[in-house]
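Colleague: I need the structure of the sequence given here:
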Amino acid sequence: MATSQRIVGLAFALLWIGNVASGAPDLTATYAGCNLQTYEAGDGYASSVVYVVSALESVTPSIPGYDYYISSTYPAAIVYGHAAYNPALSVADCITCIDYVKTDMLIYCPNNIGAQLVLHDCRMRYEHDPFTE
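Modeller: Predicted coordinates for the structure are as follows:
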């Protein structure tokens, strides 16, 4: 009986260690910032923000190194964006992180012409002016 308990205990310990070793993305926020200027929902800039943020979310996990810059294609309301992730993350963890950072950034900075949220393992930013990070 004691041997069975040891085997079960050892199995749980190995599973726990494996889970900790594989880890999950660290979603701890290290910086959040919003441009004080805002745009109206439904205008051209809003469409550009949706285009850029959606592209950052869908394309970045497939880019080697998880580091992607983009600009919108709407000439009257250009938006520039960037997303990056810890290159040690798996694609699945990258997707988890980007979904979290995108959702929270848009909650923290609704209708702002620029926004940035940096988490420990990933980041996303969009602005009305070109930038590099």
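Colleague: Next, work out how far apart the residue sitting nearest the centre point of the chain and Ala83 are.
Modeller: Nearest to the geometric centre of the chain sits Ile98, at 2.6 Å (C-alpha atoms, centre = their mean). Applying C-beta to C-beta, to the nearest Å, the value for Ile98 to Ala83 is 6 Å. (Glycine included, C-beta is placed from N, CA and C.)
Colleague: got it, and Ile95?
Modeller: Per C-beta to C-beta, Ile95 is found 12 Å from Ala83.
Colleague: got it, and Asp121?
Modeller: Distance, Asp121 to Ala83, by C-beta to C-beta: 12 Å.
Colleague: circling back: can you work out which residues contact both of Ile98 and Ala83?
Modeller: Here Ile98 and Ala83 have Leu56, Glu57, Thr60, Cys122, Met124 as joint contacts, going by C-beta atoms under 8 Å, 6 or more residues apart in numbering.
Colleague: So which of those residues wins on neighbours?
Modeller: Using other C-beta atoms under 10 Å as the neighbour test, the shared contacts of Ile98 and Ala83 are led by Met124, with 28 neighbours.
Colleague: contacting residues for that one?
Modeller: Val53, Leu56, Gly81, His82, Ala83, Ile98, Val101, Lys102, Met105, Gln116, Leu117.
Colleague: where's the first one, which helix or strand?
Modeller: With elements delineated by DSSP states H and E, Val53 resides in helix 44-59, which encompasses its position.
Colleague: Contacts for stretch 65-83 next, please.
Modeller: With contact meaning C-beta under 8 Å, 6+ apart, stretch 65-83 is reached by 43-45, 47-49, 51-53, 55-57, 59-60, 84-87, 89, 94, 98, 101, 122-133.
Colleague: Do you have the helices of this protein handy? List them.
Modeller: Along the chain, counting by DSSP state H, helices occupy 2-22, 44-59, 91-108.
Colleague: Show me what the last one packs onto, helices and strands only.
Modeller: In terms of contacts (3 or more C-beta pairs under 8 Å, 6 or more residues apart in numbering; DSSP states H and E), helix 91-108 is packed against strand 29-34, helix 44-59, strand 80-85, strand 115-119, strand 122-127.
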